[in-house]
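Trainee: sequence first, then the predicted structure, then my questions.
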Amino acid sequence: MTQFPVVDDCLQVGGIPLTELARRLGRTPFYAYDRRLITQRVELLRKHLPAEVHLHYAIKANPMPEVVRHLAALVDGLDVASAGEIRIALASGGNPGVISFAGPGKTDAELAEATAAGIVVNLESEGEMGRIDALGASLGMRPRVAVRVNPDFELKSAGMKMGGGPKQFGVDAERVPAMLTRIGQMHLDFQGFHIFCGAQNLRAGAIQEAQKKTIELALQLAGNAPAPVRVLNIGGGFGIPYFPGEQALDIAAVGTNLAQLLPQVRKRLPQAQVVVELGRYFVGEAGIYVCRIIDRKVSRGHVFLITDGGLHHHLSASGNFGQVIRKNYPVAVGNRVAGGERETVSVVGPLCTPLDLLADNMEMAKADIGDLIVVFQSGAYRLTASPTAFLSHAAPAEVLV
């Protein structure tokens with residue numbers, strides 16, 4: 001994990017030694033996000049993706065208001081998935097005209113809130129289309145909508161497949177033409193398409209193939225559109241490495257391929273903004289989770305480092321959030337990164353369950369009570385994806401530095 005400098009064997013976050021950051025916060029556990037790394041990730045994408053591509057941040061990856069505010073000033077739009085995220089997006093200064101709302105179970109209250117704000121609603125079903133049309137009439141407004149399409153293909157090798165086959169997400173591609181005809185008969189302001197087929201992919205070839213198929217499908221569906229396509233959200237799926245042996249995504253190759261696909265979009269959909277929507281790729285590698293060792297014990301010859309943090313704050317690191325076979329996240333002793341002496345230990349939390357495991361049989365610097373354990377790759381889908389109420393422990397702090 002080279003993105004965070006190490007000075008005097010102590011990790012630095014935002015130029016601050018980890019021990020000093022913990023002292024300033026006054027407590028552990030906590031999440032820390034490095035704004036410099038977030039900015040650099042946006043710059044990397046701007047460098048390698050075609051200049052005409054619009055970058056949108058999916059707030060679900062990390063909805064911390066300070067993180068959203070920082071990214072809102074760097075990217076071209078935001079994606080939300082709840083009324084709570086709508087409010088965070090608007091409070092961040094995000095332009096409602098470039099905020100989109102996705103999710104398969106939007107309530108009438110959420111649809112009304114999005115419509116009133118002028119946010120684009122990605123329709124996930126014919127039923128949702130009818131409900132928002134009725135809501136628009138009751139509000140005296142013309143809701144801005146796009147159709148989320150469930151394609152007949154998937155993102156190969158994706159950590160999570162969001163398209164292809166029966167899905168709760170989007171409208172099956174073969175049903176979209178009839179839906180577009182109905183939109184043209186309703187009091188709805190058609191904006192375009194959202195086609196998202198998978199997430200957490202490290203294979204440039206798989207992403208290239210999915211983007212090609214996505215654009216082909218969008219061009220085909222556009223023939224039935226009731227108005228010019230103004231937004232074509234081709235999703236994301238860009239992954240980050242978590243485990244040994246995984247290699248970073250070749251973003252340059254993705255960008256080169258996308259540049260070859262865009263001329264046909266410009267020709268056939270001249271008003272369309274092509275959007276790449278990312279969450280994890282912006283913030284995942286910029287965050288760490290930090291907890292403190294509160295006990296050190298040996299059980300039948302094996303060393304356990306017991307911390308004040310665990311799966312209730314970081315479910316993914318415990319292996320209970322999508323892993324079939326548990327693997328260790330990158331974990332280190334933050335104030336003894338290399339250390340003088342090394343040992344093989346298990347790092348566990350304070351919860352009354354054997355599932356509360358942050359590192360299993362992992363070599364790291366020999367540590368003692370009071371030292372700080374760091375879990376890397378913790379900037380996305382961590383705190384808000386964890387059972388924070390479990391056993392009624394206090395929630396961790398969060399800081400953007």
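Mentor: Looks like it came in fine.

Trainee: does D250 really touch N201, like I thought?
Mentor: No. If you go by CB atoms under 8 Å, D250 and N201 don't touch, sitting 11.4 Å apart. Every residue, glycine included, has its C-beta placed from N, CA and C.

Trainee: so which of those two has more stuff around it?
Mentor: Shown here are D250 and N201; by other CB atoms under 10 Å, N201 has more neighbours (24 against 16).

Trainee: so who does the closest residue to D295 other than its chain neighbours touch?
Mentor: Computed as CB to CB, 6 or more residues apart in numbering, the closest residue to D295 that is not its neighbour in sequence is I306, at 4.1 Å. By CB atoms under 8 Å, 6 or more residues apart in numbering, the residues touching I306 are 293-297, 348-350.

Trainee: could you redo the last one with a cut-off of 7 Å?
Mentor: Counting by CB atoms under 7 Å, 6 or more residues apart in numbering, I306 touches 293-295, 297, 348, 350.

Trainee: list phi and psi for it.
Mentor: Dihedral angles of I306 (phi, psi; degrees, to the nearest 10) stand at phi -100, psi 120.

Trainee: ok, now E277?
Mentor: phi -110, psi 120.

Trainee: mind listing what's buried in stretch 115-126?
Mentor: 115, 117, 119-125 (16 or more other CB atoms under 10 Å).

Trainee: so which of these belong to strands?
Mentor: Counting by DSSP state E, the part of the buried residues of stretch 115-126 found in strands is 120-123.

Trainee: which of these sits closest to I240?
Mentor: For those, the minimum distance to I240 (CB to CB) is 24.5 Å, reached by N122.

Trainee: specify the beta-bridge partners of that closest one.
Mentor: Residues found in beta-bridge contact with N122 (criterion: DSSP bridges) are A146.

Trainee: for it, what are its contacts?
Mentor: 100-102, 146, 148, 194.

Trainee: could you dump the residues you listed into TSV with secondary structure and distance to P396 added?
Mentor: TSV is the format used below for the contacts of N122 (DSSP: H, G, I helix; E, B strand; the rest coil; distance: CB to CB, whole Å):
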residue	secondary structure	distance to P396
S100	strand	30
F101	strand	28
A102	coil	28
A146	strand	36
R148	strand	33
H194	strand	33
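
Trainee: of the residues you listed, buried ones?
Mentor: 100-102, 146, 148, 194.

Trainee: and the contacts of stretch 30-38?
Mentor: 3, 13-14, 21, 67, 70-71, 282-283, 285-290, 378-379, 382-383, 396-401.

Trainee: then stretch 266-275?
Mentor: Against stretch 266-275 from outside (CB under 7 Å, 6+ apart): 52-54, 56, 77, 192, 219, 222, 228-234, 262, 265.

Trainee: kindly provide the distance from P226 to L278.
Mentor: 29 Å (CB to CB, to the nearest Å).

Trainee: out of these two, which sits in the busier spot?
Mentor: L278 (25 against 14).

Trainee: from memory that one sits against G237, does it?
Mentor: No. If you go by CB atoms under 7 Å, L278 and G237 don't touch, sitting 8.5 Å apart.

Trainee: so where do the strands sit in the stretch 51-200 of the chain?
Mentor: For the stretch 51-200 of the chain, the strands defined by DSSP state E, counting those that start in this stretch cover 54-58, 77-80, 99-101, 120-123, 144-150, 160-161, 171-172, 189-195, 198-199.

Trainee: got those as JSON lines, with distance to G301 and mean pLDDT columns?
Mentor: Supplementary listing: those in JSON lines, determined by distance: least, CB to CB, whole Å; pLDDT from 0 to 100:
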{"stretch": "strand 54-58", "distance to G301": "46", "mean pLDDT": "98"}
{"stretch": "strand 77-80", "distance to G301": "50", "mean pLDDT": "98"}
{"stretch": "strand 99-101", "distance to G301": "54", "mean pLDDT": "98"}
{"stretch": "strand 120-123", "distance to G301": "55", "mean pLDDT": "98"}
{"stretch": "strand 144-150", "distance to G301": "53", "mean pLDDT": "96"}
{"stretch": "strand 160-161", "distance to G301": "39", "mean pLDDT": "50"}
{"stretch": "strand 171-172", "distance to G301": "56", "mean pLDDT": "92"}
{"stretch": "strand 189-195", "distance to G301": "54", "mean pLDDT": "97"}
{"stretch": "strand 198-199", "distance to G301": "41", "mean pLDDT": "77"}
